[in-house]
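>>> would you be able to build a 3D model of this:
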Amino acid sequence: MSGHSKFANIKHKKEKNDAAKGKIFTVIGREIAVAVKEGGADPANNSRLRDVIAKAKANNMPNDTIDRGIKKAAGDAGSVTYESVTYEGYGPGGTAIIVDALTDNKNRTAANVRSAFTKGHGSIGTQGCVSYMFDKRGQIIVAKEECDMEADDLMMMALDAGAEDFSEEEDSFEILTAPEDFSTVREALEKENIVMADAEVTMIPQTYVTVTDEEDVKCIQRILDLLDEDDDVQMVYHNWDE
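Numbering: from 1, shown residues only. A predicted model of the protein is given here:
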């Protein structure tokens, strides 16, 4: 994975999100609702909710919006219940795509996701058809420009907290954890006031696919753009080397 500027990718993602705040706030709002339903409204006793709150703050979600989302999910017995669904498929040029969604209508979501793949000349596959090409990991990105700590000190802090791997990129540090250790490591860094450019449990491609055909590139981008516009879609993972 060396050679991929993870912080540049994060910045690109954030800029894209900044242009569509409504989308990212919708995504996080649904994650808050699910976290509260599963583990309660008190972040002190709900590690998943703590992680979502940290993600919300990293995306500049106002505190009162976060609080409203928690109270609504905790107090409204008739509130919408979201179901987690995952789709796997193929994009042009031999690329692999995984789509995570939270939905109150699986039929609608399935139709929209299938349509996005079809319009970009891709295809939905069966469960597990591409996920074996990815590793599920907690991933924390620390931008060098926002970190005063020496690389070795940051590495030791992360490893002591339970991280599995630490790598240095051109403009950032990447910390990888097992999914079950992610919250512990993130909170350990947070307590030391380490600013994280991004922190989430993600699917990391084992290898990246380079696509050279211009038409294929346009089609892959079309699939990703259509998925990005869908409010039900929470995250999209792919192995396209952009």
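>>> and the contacts of the longest helix anywhere in the chain?
Longest helix in the chain, counting residues (DSSP state H): helix 21-39. Contacts to helix 21-39, defined as C-beta atoms under 8 Å, 6 or more residues apart in numbering, come from residues 17, 45-49, 51-53, 55-56, 59, 61, 65-66, 69-70, 72-74, 79-82, 84, 102, 228-229, 231, 234. C-beta coordinates here come from the backbone N, C-alpha and C atoms, glycine included.
>>> list the buried ones in that helix?
By 16 or more other C-beta atoms under 10 Å, the buried positions in helix 21-39 come out as 23-25, 27-36.
>>> same check on stretch 222-240?
Neighbour counts over stretch 222-240 (16+ other C-beta under 10 Å) mark 222-224, 226-227, 230-240 as buried.
>>> what's the farthest-apart pair in these?
The distance between the two most remote of the buried residues of stretch 222-240 (C-beta to C-beta) is 24.9 Å, for 231 and 239.
>>> lowest-pLDDT helix or strand in the chain?
Using mean pLDDT, DSSP states H and E, helix 6-18 stands out as the lowest-scoring helix or strand of the chain, at a mean of 58.
>>> mind giving me the domain split of this structure?
Domain ranges of the chain: 6-75, 83-132+206-238, 134-205, per automatic domain parsing.
>>> first vs last residue of the last one, how far apart are they?
This points to domain 134-205. End-to-end distance for domain 134-205: 4 Å, by C-alpha to C-alpha, to the nearest Å.
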